[in-house]
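1. Structure, please.
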Amino acid sequence: MPRPATATEETGGAIAPHLRRLLEFVEPARDDVCLDVARGHGPMPAALGPRVRHMTAVDAMPASGTPVLSGSSSSSGAFARMSTVEFGTGPVRITDGDSPPASTTREDRIPHPLGPDRTTVKADAAALPYRDNAFSLVTARFSLYNLGDPDHVLRELLRVCRPGGRVVIADLVRGNLAGPERDRIQRLRDPDHPGTPSIARLTEMITSAGGSIRRLDVFTVERPVEPWLTGSCDDATADRIRTALIDEVDGGRRTGAKPRIISGELWFTQSWAHVAAEPIP
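-> Okay, here's the model as predicted:
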């Protein structure tokens, strides 16, 4: 298996294949004015910044009282905050689609500094502090369901995107014919998980919010279980997840995660989608 590479190395410009796949899908242009909306500091601003005219990164904080879906809960019962960058931690293997098979990549927990033409602000993703049509490119990577009500967030992302621009959403999906067992492990990790949307549901949400789907890229990845569990649930829950996955490897009940052992480590699969849309005037 190839040695995992860091997602973004500021000095050398090396970008991990799974992030490069997204960048190629986004098709950033030198005259783009770009907005990335995430929770925490994900890799997109640093990766897009050198490729666009201006980069703005929103570290999104939902309005007070808005439930935010995450991997753990606070003692008061309110949902705890999970940053976008946590999603990417650990190796990722692209196993199908147009990319070379079984390429292994890693996103490490490294800072992603912004340059002089890149700005970071804190804002509510469902009430962005920007005028209509302010950006030519708007991105949200693995954060849509952590930003507040996804329907409201999508409408806001489309509102600030100018006609002829594009909104690019990267997120987890399930196949249109896949059953609810795909969410079993997600709900063990996070009992409040809303369920992974089908491809059809995600695209329907975007069109209902006022977007026109232009392109779609759906592919399968494999990830090791341990980095995914780190910091996201308590030890007892992590043990239940490991047991469920190992039982499936041994022929037991399906979890929908299609686990297998790779070089002595327990890995599982996810389906990822990149969707490009533009606002309908």
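2. Return the distance of Pro28 relative to Val92.
-> 21 Å (CB to CB, to the nearest Å). No exception for glycine: its C-beta is placed from N, CA and C like everyone else's.
3. Let me see the ranges of the helices in the stretch 51-200 of the chain.
-> 84-87, 150-159, 184-189, 199-208 (DSSP state H, counting those that start in this stretch).
4. By mean pLDDT, show me the worst of those.
-> Among the helices of the stretch 51-200 of the chain, helix 84-87 carries the lowest mean pLDDT, a mean of 42.
5. What is the burial count for Asp243?
-> Check again: residue 243 is Thr, not Asp. 12 (other CB atoms under 10 Å).
6. ok so, going back, quick one, which of the helices of the stretch 51-200 of the chain is nearest to Ala123?
-> helix 150-159 (9.8 Å; CB to CB).
7. Please identify the buried residues of the closest one?
-> 150, 152-159 (16 or more other CB atoms under 10 Å).
8. so what secondary structure elements neighbour that helix?
-> On a contact count with 3 or more CB pairs under 8 Å, 6 or more residues apart in numbering; DSSP states H and E, helix 150-159 meets strand 135-141, strand 161-173, helix 199-208, strand 265-279.
9. Just give me the residue closest to the centre of this structure.
-> The centre of the chain sits closest to Phe142, judged by CA atoms, centre = their mean, with a distance of 1.4 Å.
10. Next up, the contacts around Arg162.
-> 133-136, 279 (CB atoms under 8 Å, 6 or more residues apart in numbering).
11. Buried only: go through these for me.
-> By 16+ other CB under 10 Å, these give 134-136, 279 as buried.
12. Nearest to Met205 among those?
-> Taking the buried ones among the contacts of Arg162 together and measuring to Met205 by CB to CB, the closest member is Pro279, at 14.4 Å.
13. Now the closest one. Nearest residue, chain neighbours left out?
-> Leu158 (4.4 Å; CB to CB, 6 or more residues apart in numbering).
14. What pLDDT does the model give the residue nearest to the centre of the chain?
-> Confidence score, pLDDT, at Phe142: 90.
15. those strands in this protein, which residues are they?
-> 33-38, 54-60, 90-94, 103-107, 118-123, 135-141, 161-173, 211-224, 260-262, 265-279 (DSSP state E).
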